[in-house]
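Colleague: Dropping a prediction and its sequence here:
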Amino acid sequence: MKKVGLLCGREWSFPPKFIEEVNRRNAGVTAEFVKLGGTAMGEPNPYAVIIDRISHEVPYYRSYLKHAVLEGVHVVNNPFMWTADDKFFGASLCVKLGLAHPKTLVLPNKDYIPGIVLNESLRNLMYPLNWEYVADYVGMPCILKDAHGGGWRGVYKCDSIDELIRNYNESGLLTMIAQQFIPWQQYVRCMCLGREEVLVMPYDTHNRKYIPDPNYLSEELHARIVKDCLTLVKALGYDMNTVEWAVLDGVPYAIDFMNPAPDMDVNSLTPAYFDWCVTHMADMAIKLAKNPKPQLGELRWGKLF
């Protein structure tokens with residue numbers, strides 16, 4: 001019997017439904033909550049698949065998951081990629097993939113840890129920052145946001161250079177990106193599972209809620225967004241992710257796609273989208289458990305074992 005482990009935090013609706021859905025199918029795969037009390041090096045792992053919904057907030061979990069990969073577990077999502085990912089890398093990746101993306105520029109940090117001596121440790125940085133260049137490149141208004149953030153935290157729309165500088169000056173230790181503002185006409189968030197399935201969900205960014213509307217996009221635009229989503233998640237190696245697109249004049253711009261622990265709460269997703277996620281997450285977990293794709297083969301040191 002193959003086992004799927006679920007690692008989660010305060011979520012209340014998705015975890016029990018997912019575990020129930022996997023177990024009720026009697027497919028030779030069982031699901032349960034992972035229980036941990038410290039992990040020894042070389043310790044075997046009992047799971048074929050682990051679904052990770054919380055390691056971005058619990059560092060011990062991230063260490064445990066990297067160890068699990070070494071033991072041959074398929075972790076959703078790959079903790080090595082997740083650790084390396086950021087929104088500026090994603091922007092540069094879109095350029096290489098030929099996908100539409102707002103112009104994006106990563107900025108030096110405003111503040112640093114106490115060990116950094118400004119006039120000695122930062123000799124590679126130009127000072128002061130050329131804000132005219134930043135504004136000319138991304139245009140005004142622009143978006144300022146944390147390169148590693150999520151959940152719409154630390155996101156600012158700046159209508160002038162003064163506003164951009166003011167928000168930047170309050171960013172502290174965060175690494176910020178300045179990004180071209182897309183005055184979108186349509187906006188969608190897409191749930192992408194298994195690098196195969198895409199659910200396109202119209203999204204109201206002002207009220208932060210989904211809009212169940214199967215006719216929100218034209219067939220042609222819907223097909224392009226699905227295709228571009230699959231291109232992105234295959235390039236990133238994410239089995240579970242949401243990708244957000246802002247549509248302007250029929251062109252979908254990739255806005256945010258570093259969401260490897262996407263919101264799956266029934267109240268925010270709406271029941272129809274929630275049921276789709278539970279069903280397809282169970283499909284993916286069972287498929288990966290029965291047809292392993294060890295991520296160890298993606299890592300160079302795996303060839304030495």
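Modeller: Structure's in. What do you need?

Colleague: In the stretch 51-200 of the chain, what residue spans correspond to helices?
Modeller: If DSSP state H, counting those that start in this stretch is used as the criterion, the helices of the stretch 51-200 of the chain fall at 59-70, 79-84, 87-97, 118-121, 131-138, 161-168.

Colleague: I'd like those written out as JSON lines, with distance to residue 253 and mean neighbour count added.
Modeller: Every C-beta, even on glycine, is put in place using the N, C-alpha and C of the backbone. Listed next are the helices of the stretch 51-200 of the chain as JSON lines, based on distance: least, Cβ to Cβ, whole Å; neighbours: other Cβ atoms under 10 Å:
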{"stretch": "helix 59-70", "distance to residue 253": "31", "mean neighbour count": "18"}
{"stretch": "helix 79-84", "distance to residue 253": "23", "mean neighbour count": "16"}
{"stretch": "helix 87-97", "distance to residue 253": "9", "mean neighbour count": "16"}
{"stretch": "helix 118-121", "distance to residue 253": "36", "mean neighbour count": "9"}
{"stretch": "helix 131-138", "distance to residue 253": "13", "mean neighbour count": "15"}
{"stretch": "helix 161-168", "distance to residue 253": "20", "mean neighbour count": "17"}
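
Colleague: longest helix anywhere in the protein?
Modeller: Longest helix of the chain, by residue count under DSSP state H: helix 271-290.

Colleague: what sits up against it?
Modeller: In this structure, residues lying in contact with helix 271-290 by Cβ atoms under 8 Å, 6 or more residues apart in numbering are 2-4, 13-14, 17-18, 21-22, 25, 27-29, 31, 48-49, 51, 74, 76, 191, 193-194, 197, 199, 201, 210, 212, 239-240, 264-266, 269.

Colleague: how does it look with 7 Å?
Modeller: With contacts defined as Cβ atoms under 7 Å, 6 or more residues apart in numbering, helix 271-290 is touched by 2, 4, 14, 17-18, 21-22, 25, 27-29, 31, 48-49, 51, 74, 191, 193-194, 197, 199, 201, 210, 212, 239, 264, 266, 269.

Colleague: Tell me which of the helices of the stretch 51-200 of the chain lies nearest to residue 229.
Modeller: Proximity to residue 229, assessed across the helices of the stretch 51-200 of the chain by Cβ to Cβ, is greatest for helix 87-97 (11.6 Å).

Colleague: For the closest one, enumerate the helices and strands it packs against.
Modeller: Of the remaining helices and strands, those touching helix 87-97 by 3 or more Cβ pairs under 7 Å, 6 or more residues apart in numbering; DSSP states H and E are strand 104-106, helix 219-236.

Colleague: The ones you listed: which one's closest to residue 93?
Modeller: Evaluated over the helices and strands packed on helix 87-97, closeness to residue 93 peaks at helix 219-236, with 6.1 Å, by Cβ to Cβ.

Colleague: Pull out the buried residues from the closest one.
Modeller: Residues 221-222, 224-226, 228-233, 235-236 are the ones in helix 219-236 that count as buried (16 or more other Cβ atoms under 10 Å).

Colleague: now for it, which elements pack on it?
Modeller: Helices and strands in packing contact with helix 219-236 are listed as helix 87-97, strand 186-193, strand 197-204, strand 240-248, strand 251-256; criterion 3+ Cβ pairs under 7 Å, 6+ apart.

Colleague: Test my guess that residue 199 contacts residue 190.
Modeller: Yes: with contacts counted by Cβ atoms under 7 Å, residue 199 reaches residue 190, the gap being 6.5 Å.

Colleague: Those two: who's more crowded?
Modeller: Higher neighbour count among residue 199 and residue 190: residue 190, with 24 against 19, using other Cβ atoms under 10 Å.
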